[in-house]
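Participant: Could you work out the structure for the sequence below:
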Amino acid sequence: MNASRRRFLKDSALTIAGTSLLPKLMVEENKKRELVGIQLYSVRDNMKTDPLGTLKQLSEMGYQYVEHANYVNRKFYGFSPSEFKKNLDGLGIKMKSGHTVLGPQHWDAVKKDFNDAWKYTVEDAATVGQQYVISPSLENRYRTNYDELKMFLDVFNKSGELCKKWGMKFGYHNHDFEFSQKLNGEIMYDIILKNTDPSLVIQQLDTGNLYNGGAKTMDIVNQYPGRFMLVHVKDEIKASSGDEKYESTILGAGIVNLKSVIDLIRKKTKNVHYIIEQESYQGKTPLDCAKEDLDIMKKWGYT
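Facilitator: Numbering: from 1, shown residues only. Below is the predicted model:
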């Protein structure tokens, strides 16, 4: 074997070895920039009676990020944006995202502009330190009329433009109806993703909610790679009561195949925010569940 052939084989082997390491290196790079937090709706009763005490307990568990579910009269859990941020800073917690429903009452179709209430929503989100303003629902009128839904999805894009001016992004969070209902023969979730600009409107995928709509999380992640910048990390079991077929449970204890789902998202998307959410507790306390869920995420290599 001559020297040039030996050099070629050596270089080829190094190239193959380097290529095989790429997926692992990409995952490691993603892990450096992603974050794990909790949706405060998981501990909603505690936040209602003692918001600061509850945040302190979450901080002591190891939570460094939270997502709000309470913005009323320009206040977060009864505190002004600057007051709430100060309280969060004192506990070493950041609030990168929050849920506030964008509805038809926020958009003036004649002026083609948002009203002050929505402008304040975006401004206050920026003040408290959010990166994402998430709308977690759709009015019933948009669930039954294709043209009205498409019109309002353009308002979503305009909200994205408004948030961009404040250095943030707008997003939408799914429930179950987006997967169980069709308009003009098309699944609602497909309509939403096709008619929102990914650069302006991100999607927060709830890994549990869609099961009640008859969908499977892994199928949706494969169908829309790279579209989910935020994820509600939620597992599901058969519901013990109520109208829905499934209810949330401790992560990894249900039917979602959760670790495989978030591992797949990690491979396909950078800088994902993984937000733990559990709404049903099977006899445990919400705070005990919050601690157990975070410990599981740590075990899975997500903190």
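Participant: which residues sit in contact with residue 220?
Facilitator: Under the criterion of Cβ atoms under 8 Å, 6 or more residues apart in numbering, the contact list for residue 220 reads 179, 189, 205, 210. Where C-beta positions appear, they are placed from N, C-alpha and C, glycine not excepted.
Participant: 10 Å instead, please
Facilitator: Residues near residue 220 by Cβ atoms under 10 Å, 6 or more residues apart in numbering: 174, 178, 179, 189, 193, 203, 205, 207, 210, 227, 228, 261.
Participant: Then residue 140?
Facilitator: residue 177.
Participant: any idea how far the closest residue to residue 257 other than its chain neighbours lies from residue 137?
Facilitator: Distance criterion Cβ to Cβ, 6 or more residues apart in numbering; nearest residue to residue 257, sequence neighbours excluded, is residue 218 at 6.4 Å. In this view, residue 218 and residue 137 are 24 Å apart by Cβ to Cβ, to the nearest Å.
Participant: likewise residue 245?
Facilitator: Distance of residue 245 to residue 137, given as Cβ to Cβ: 20 Å.
Participant: Which residue ranges make up each domain of the protein?
Facilitator: Here the domain assignment for the chain is 1-33, 35-299, based on automatic domain parsing.
Participant: Throw those domains into a markdown table and include mean pLDDT, thanks.
Facilitator: Formatted as a markdown table, those follow (pLDDT from 0 to 100):
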| stretch | mean pLDDT |
| --- | --- |
| domain 1-33 | 57 |
| domain 35-299 | 97 |
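Participant: out of those domains, deepest packed?
Facilitator: Of all the domains of the chain, domain 35-299 carries the top mean neighbour count, a mean of 18, counting by mean count of other Cβ atoms under 10 Å.
Participant: What is the end-to-end distance of that one?
Facilitator: By Cα to Cα, to the nearest Å, the extent of domain 35-299 from end to end equals 15 Å.
Participant: same check, this time on stretch 241-256
Facilitator: Stretch 241-256: ends 19 Å apart by Cα to Cα.
Participant: quick one: it to chain centroid distance?
Facilitator: Here stretch 241-256 is found 18 Å from its chain centre; the criterion is Cα atoms, centre = their mean, to the nearest Å.
Participant: Among the contacts of residue 220, which lie within helices?
Facilitator: 178, 179, 189, 193, 261 (DSSP state H).
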